[in-house]
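Peer 1: sequence and predicted structure below; questions after.
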Amino acid sequence: MTIRNIARTKKLILFCFLLVIMPLNLHAEEPAFHTIQTGSFVDIKSAQKQFDSIVKGLNEQELSFFRIEKIGKYYSLRLGKFKDHATANTFLQKNKPLLQGAIILKAITSEDRIFQRYTKDSIPRDMTASGKPVSGIMPEGLKDVQSLQHPLPVTESKGSVPVKESSGEAVADNALKNVQSLQRPSPAGDTGIFSNVKGRFYVSDYYSNDSDEFEFHVLTSRLNVYKHEDKESRYYYTLDARVRKKIFNGEMEENVPEWKVDEAWVGIKFPEQKMDVIGGRQNIYELYNTRVDGLNVKYSFDNGLGFGVFGGLAPDKEDESLNTDYESIGGYLFFNQEKHKVQFGYENLNYKGDTDREYFSLRIYSKFHEKMRLNAVSSASINQLTDDFEVENANINLLYAHSKKVRFNIFYNYFRTIKFYESTREYLELSDVSESFFLDDNSRTRIGMRVDYKLMKGLKVYSSAEYERRKEDEEDKLRLTGGLRKYDLYGFDLSGRYTYIDDFEASSDEFNAEITRHFFNKLDVSLYASREEKKLDAENAYTTRALTYGASIYWMISKRYFMLMFIESYERDSDLDEEGDKQVTTSVFTQAGYKF
């Protein structure tokens, strides 16, 4: 056994020991209960009046837990303490006339704080601030519980301690970001197309200069405007576009696309809220990586089942411009429930009339246990030369929140080159590369585990181990990481990390540290540094060293205006360099913007 293998084995044993020993001090999550929240009132007197009218029809046992809360700028009522969701729902249905618009909350009490997680069961809301029937009023913190792209909110009661991220809640929130709310808005009218429009506009400059007299600027202006689905309009839309210029050594680069449109589409909800028609440049989120310049029509049934079809042109693979050479057509099925979500789709992409790529996509989300989440995505294409199916990627993440102190993440990744056939042939004709590229089956497989542990209030440690295998030459890679984060140490947030990498051709050690300070809830200042030393394994191997350090500032000037800036220096040298001979690169990024 070589010296390198002995060192590697020792480090692997150490990290495996950390992965096992850290979770031993486990604490069970505190008992949860369910409660009911109802009403939206502009002042506390209206809330008290409605509360008095509700309590007349309820007994004392049902009122063992109650309060009036302020959420955003509205007041709301919370009452009842039920052992499970079914009991709360039975009570809700029994008292439906008294609790119009109510929703069921799951709460965990700890140190007078309440972590709320919203469910999808509710009675249609029709209560105003004055207690008289009308629709459309929701607390500010609940307005965005609508789409796949946005996690369900965690609201904070007035007077409570600010709710910070805990291990278990972080897992839930991250998983919920990939789950679409099944509760769609009630049938919409034709008004309000410009209501609740949000977005941002910014301009930025990225500048880089190195010791070899190589320098460039990238100037960017970007506009992102969006309107999510809501009750006031049957229309929703997104525009995300940018203008970019690159200046290299004082001269304008002509080969960089000046305009780039990431998304530009309009969606229309039809009566009964079962069918959507979306037109424009869009990502088909039900598939793994499909974008079209065309139409996407989807239909949803009441039980969570649905299907969709799409077709049109596709963005150019080089500059993402509108290009009639590319055409796309496909469809998908989906099944959405509160705890489970499945999406399966197919796309046929053509280039100048011939198949460029033909692939299938599968996405799965499952909350199969209260503390566990499963996220998986995979795609497989048809090889246009052999007609064989080739799995392009398979990504699986299993998240387990044992308690508020401990969480685990187990992951598996398989990936290989995504091949475009007809559009690639044009390139192959101009180069020495043969069509054997289309038969290449090289792939990489990665598997690993991470453990996060909250030692005490404001102090977290974590450890991870990751193994990767390269099929081409049967080489492997090992990555071991350990770190900690300390929040609010005399107003500072601190973090540190060590990483050992036994790469395919080298081994390296990396050290990272960062310190952050928040000022007046408007200004964040960070200082960071990292040091890497890499030893090559080849004959006559040598060592390279890299030092990176910098500072960043985020300034929320006002509710609408913001500014971001960082400056960074990267220094690199090796055993082959003469003494004092270093490669130094300095980068400066500045951004100023407006949110609306």
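Peer 2: Arrived safely.
Peer 1: what about the helices in the stretch 151-300 of the chain?
Peer 2: Here the stretch 151-300 of the chain has its helices, by DSSP state H, counting those that start in this stretch, at 167-176.
Peer 1: point out where it drops to low pLDDT.
Peer 2: 151-192 (pLDDT under 70).
Peer 1: where do the strands sit along the stretch 201-350 of the chain?
Peer 2: Ranges of strands in the stretch 201-350 of the chain, per DSSP state E, counting those that start in this stretch, are 215-227, 235-248, 251-252, 259-269, 275-283, 291-300, 305-313, 326-336, 340-351.
Peer 1: same list (those strands) but as CSV, adding mean neighbour count and distance to N521.
Peer 2: (C-beta placed from N, C-alpha, C; glycine too.) Below are the strands of the stretch 201-350 of the chain laid out as CSV (neighbours: other CB atoms under 10 Å; distance: least, CB to CB, whole Å):
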stretch, mean neighbour count, distance to N521
strand 215-227, 16, 24
strand 235-248, 17, 28
strand 251-252, 10, 41
strand 259-269, 17, 31
strand 275-283, 19, 34
strand 291-300, 19, 38
strand 305-313, 17, 42
strand 326-336, 19, 37
strand 340-351, 20, 36
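Peer 1: would you reformat these as TSV and include distance to Y554?
Peer 2: TSV is the format used below for these (distance: least, CB to CB, whole Å):
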stretch	distance to Y554
strand 215-227	17
strand 235-248	20
strand 251-252	30
strand 259-269	23
strand 275-283	28
strand 291-300	31
strand 305-313	38
strand 326-336	36
strand 340-351	34
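Peer 1: could you export stretch 450-462 as PDB, CA atoms only?
Peer 2: Taking Å, rounded to 0.1, in the frame of the first residue of the first chain, the C-alpha atoms of stretch 450-462 are listed here in PDB:
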ATOM      1  CA  ARG A 450     -24.200  14.600   4.300                       C
ATOM      2  CA  VAL A 451     -25.100  15.100   8.000                       C
ATOM      3  CA  ASP A 452     -26.100  18.400   9.500                       C
ATOM      4  CA  TYR A 453     -26.100  18.700  13.300                       C
ATOM      5  CA  LYS A 454     -27.100  21.600  15.500                       C
ATOM      6  CA  LEU A 455     -24.900  21.500  18.500                       C
ATOM      7  CA  MET A 456     -26.500  24.500  20.300                       C
ATOM      8  CA  LYS A 457     -28.400  27.600  19.500                       C
ATOM      9  CA  GLY A 458     -26.700  29.300  16.600                       C
ATOM     10  CA  LEU A 459     -24.000  26.700  16.100                       C
ATOM     11  CA  LYS A 460     -24.200  24.000  13.300                       C
ATOM     12  CA  VAL A 461     -21.600  21.500  12.100                       C
ATOM     13  CA  TYR A 462     -21.800  19.300   9.100                       C
END
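Peer 1: residue contacts, K367?
Peer 2: 175, 338-340, 373-374 (CB atoms under 8 Å, 6 or more residues apart in numbering).
Peer 1: got the domain ranges for this structure?
Peer 2: Using automatic domain parsing, the domain parsing of the chain gives 32-157, 164-182+274-441.
Peer 1: buried set for the helix or strand encompassing Y359?
Peer 2: Per DSSP states H and E, Y359 falls inside strand 354-369. Buried residues in strand 354-369, defined by neighbour count with 16 or more other CB atoms under 10 Å: 356-367.
Peer 1: what does stretch 561-579 contact?
Peer 2: Against stretch 561-579 from outside (CB under 8 Å, 6+ apart): 542-557, 581-595.
Peer 1: pretty sure L92 sits in a helix.
Peer 2: Yes - L92 sits within a helix when classified using DSSP: H, G, I helix; E, B strand; the rest coil.
Peer 1: distance check, it against T38.
Peer 2: Counting by CB to CB, to the nearest Å, the gap between L92 and T38 amounts to 9 Å.
Peer 1: list the residues that contact both of the two?
Peer 2: Common neighbours of L92 and T38 (CB under 8 Å, 6+ apart) are 99, 102.
Peer 1: coming back round to it: which one of the strands of the stretch 201-350 of the chain lies closest to F504?
Peer 2: Between F504 and the strands of the stretch 201-350 of the chain, the tightest spacing by CB to CB is seen for strand 215-227, at 30.7 Å.
Peer 1: given the closest one, what are its sheet partners and their directions?
Peer 2: strand 198-210 (antiparallel), strand 235-248 (antiparallel) (DSSP bridges).
Peer 1: quick check: angle from it to strand 259-269?
Peer 2: 10 degrees (axes from the mean of the first three to the mean of the last three CA atoms, to 10 degrees).
Peer 1: returning to what we had before: quick one: which of the strands paired with strand 215-227 is nearest L105?
Peer 2: The nearest among those, by CB to CB, is strand 198-210 at 26.1 Å.
Peer 1: the closest one: how far from the chain's middle?
Peer 2: 22 Å (CA atoms, centre = their mean, to the nearest Å).
Peer 1: please apply the same query to stretch 307-316.
Peer 2: 24 Å.
Peer 1: tell me the mean pLDDT over that stretch?
Peer 2: For stretch 307-316, mean pLDDT rounds to 96.
Peer 1: make CSV out of the strands paired with strand 215-227 and add distance to A506.
Peer 2: Formatted as CSV, the strands paired with strand 215-227 follow (distance: least, CB to CB, whole Å):
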stretch, distance to A506
strand 198-210, 23
strand 235-248, 31
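Peer 1: quick one: closest of the ones you listed to S463.
Peer 2: strand 198-210 (34.3 Å).
Peer 1: the closest one: which residues count as buried?
Peer 2: Residues 202, 204-208 are the ones in strand 198-210 that count as buried (16+ other CB under 10 Å).
Peer 1: nearest to K404 among the residues you listed?
Peer 2: Y202 (36.8 Å).
Peer 1: wait, what's in contact with that closest one?
Peer 2: Going by CB under 8 Å, 6+ apart, the list of residues near Y202 reads 221-222, 591-594.
Peer 1: let's see it at 6 Å
Peer 2: 222, 591, 593 (CB atoms under 6 Å, 6 or more residues apart in numbering).
Peer 1: what about the first one, distance to S508?
Peer 2: To S508, R222 is 35 Å away according to CB to CB.
Peer 1: kindly report the same for R479.
Peer 2: The separation that R479 has from S508, given CB to CB, amounts to 10 Å.
Peer 1: any shared contact partners between the two?
Peer 2: I501.
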